[in-house]
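Undergrad: Build me a model:
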Amino acid sequence: MATTKGERTGFRGAARRWGALCAVCVLIVLFAVADHRVKRAGDGLGFHPSGAGCVVVSQNFPSFCARVAATDAAARFTEETPRPFDAFELAVRKATGIRPTPLRWRVWLGPRFVWAHWEDTHGLCAHPGLLLRGVHALRTVFGARADANGLYTFAGYYYAWRDGFLIVSPDSEYVKQSLDAVLVKMPPEAGSRDLHVQWADGTFWISPEEDLPIAGRLDVILESSTTMLNITEAWPNTALASITTHTHEDALALWKTVANVLETSHLYSEAASVASALWQHWALDPLEPDWDQDVAEFSAALLDVDVSGTLPIPDWGVMFAATAENASSTHPWAPAIAPLSPIEYAWDNRPGLVATLLGERFAVCLARDNDRW
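TA: Presented below is the predicted three-dimensional model:
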């Protein structure tokens, strides 16, 4: 069957268009393969200065964030605390020019992630792909030059490259120290999708599962005892967190160990300042030096956080197991709230005291139940 000249011209035009489209697709695939290889080239997770107070690492940070965001726990958290990581997102955006969503992070910065708090500053390290390396190459073409230490500047941040890793910090010394540091590797006890946190006194890792399980260890010296704890099951099953020890000193040592890593958070510092100011505002008296002489066991629990009002109010409590001969004595913390003029109160025949701080919703309640305070 004969074809006309017009039909041949149309066929050639369509072939050229489809050929161009196929060529673009092939180039995209080749670019994606090359980008994938670059992001995963080499060993380790990155670099940070030696002696860092807190280090957070992940082998697949975008996947961790995406999986956590899909959990019910994260949904409830973001409903009560919209945009909880604003400061971190703003810092990353200023340092890299990239809004850190999981997809954008993976495309621009790759899967590996190292963040560290060192002295009074912080920084992050990633192993980017071809896109960010191309942007850096363009900056050098248009005049960006490294200083004598190999550091570049961008939007008030310092950055440098080492073995394919990008190190970024608002402090030039952080980057310089990272260039001489050892390579960080994922701890063997953490899974490939976990987020691992390590500091001087402990380590833990978070798994991006539905209930966000956390495992780890604390390096704390506690008082040795062979006596079994009796109030370990004293709190409701819905407690968000609880701890039970033989003495309040042991519980305080554990808390201080955890607080060492929390202190790197600006939010924690603000909360501590508010708590200190409120204590001084209410002129609460310090606890008696020997307030715990009749305490056999100590337990503390965070049950809930009420965010229905302007001020978040924690629903928390402590419990003491009293020695038998002092089970009916005054609550050990009663002298501390004396300036608040507490009133006598009873909960189902359990006598005690109530001292209001900010109305009924924010009050200190002290009670006794047989041999427990």
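Undergrad: Would you map the helices across the stretch 1-150 of the chain?
TA: 5-39, 61-69, 72-80, 86-96, 102-109, 130-141 (DSSP state H, counting those that start in this stretch).
Undergrad: For Asp371, which of those is the nearest?
TA: Closest to Asp371 of these, according to Cβ to Cβ: helix 72-80, at 36.1 Å. Backbone N, C-alpha and C define where each C-beta goes, glycine included.
Undergrad: follow-up on the earlier one: can I get the helices of the stretch 1-150 of the chain in CSV including mean pLDDT?
TA: As requested, the helices of the stretch 1-150 of the chain are exported to CSV (pLDDT from 0 to 100):
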stretch, mean pLDDT
helix 5-39, 72
helix 61-69, 89
helix 72-80, 71
helix 86-96, 69
helix 102-109, 88
helix 130-141, 92
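Undergrad: With mean neighbour count as new columns, can those be given to me in TSV?
TA: Formatted as TSV, the helices of the stretch 1-150 of the chain follow (neighbours: other Cβ atoms under 10 Å):
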stretch	mean neighbour count
helix 5-39	11
helix 61-69	19
helix 72-80	12
helix 86-96	16
helix 102-109	18
helix 130-141	14
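Undergrad: Mind checking those for the one nearest to Asp348?
TA: Asp348 lies closest, by Cβ to Cβ, to one member of those: helix 72-80, at 30.8 Å.
Undergrad: So for Ala336, which of the helices of the stretch 1-150 of the chain sits nearest?
TA: Across the helices of the stretch 1-150 of the chain, closest to Ala336 is helix 72-80 (Cβ to Cβ), at 30.4 Å.
Undergrad: Just the CA trace of the strand ranked longest in the chain, in CSV.
TA: Longest strand in the chain by number of residues, with DSSP state E as the criterion: strand 295-306. Extracted C-alpha coordinates of strand 295-306, given in CSV (Å, rounded to 0.1, in the frame of the first residue of the first chain):
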residue,chain,number,x,y,z
VAL,A,295,10.6,6.7,102.7
ALA,A,296,11.3,3.1,101.8
GLU,A,297,10.6,3.3,98.0
PHE,A,298,10.1,6.1,95.5
SER,A,299,8.1,6.2,92.3
ALA,A,300,7.2,8.9,89.8
ALA,A,301,5.0,8.9,86.7
LEU,A,302,3.8,11.2,84.0
LEU,A,303,0.2,10.3,83.3
ASP,A,304,-0.9,12.9,80.8
VAL,A,305,-0.5,16.4,79.5
ASP,A,306,-3.6,18.7,79.5
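Undergrad: on contacts alone, who are the packing partners of that strand?
TA: Packing contacts for strand 295-306, counted by 3 or more Cβ pairs under 8 Å, 6 or more residues apart in numbering; DSSP states H and E, involve strand 241-245, helix 248-262, strand 313-322.
Undergrad: okay, the angle between the last one and strand 295-306?
TA: Counting by axes from the mean of the first three to the mean of the last three Cα atoms, to 10 degrees, strand 313-322 points 170 degrees away from the direction of strand 295-306.
Undergrad: mind checking how far stretch 355-363 is from the chain centre?
TA: Relative to its chain's centre, stretch 355-363 lies at 31 Å (Cα atoms, centre = their mean, to the nearest Å).
Undergrad: Identify the residues contacting that stretch?
TA: Stretch 355-363 is contacted from outside by 278, 282, 306, 309, 311, 313, 337, 340-343, 354, 364, 366, using Cβ atoms under 8 Å, 6 or more residues apart in numbering.
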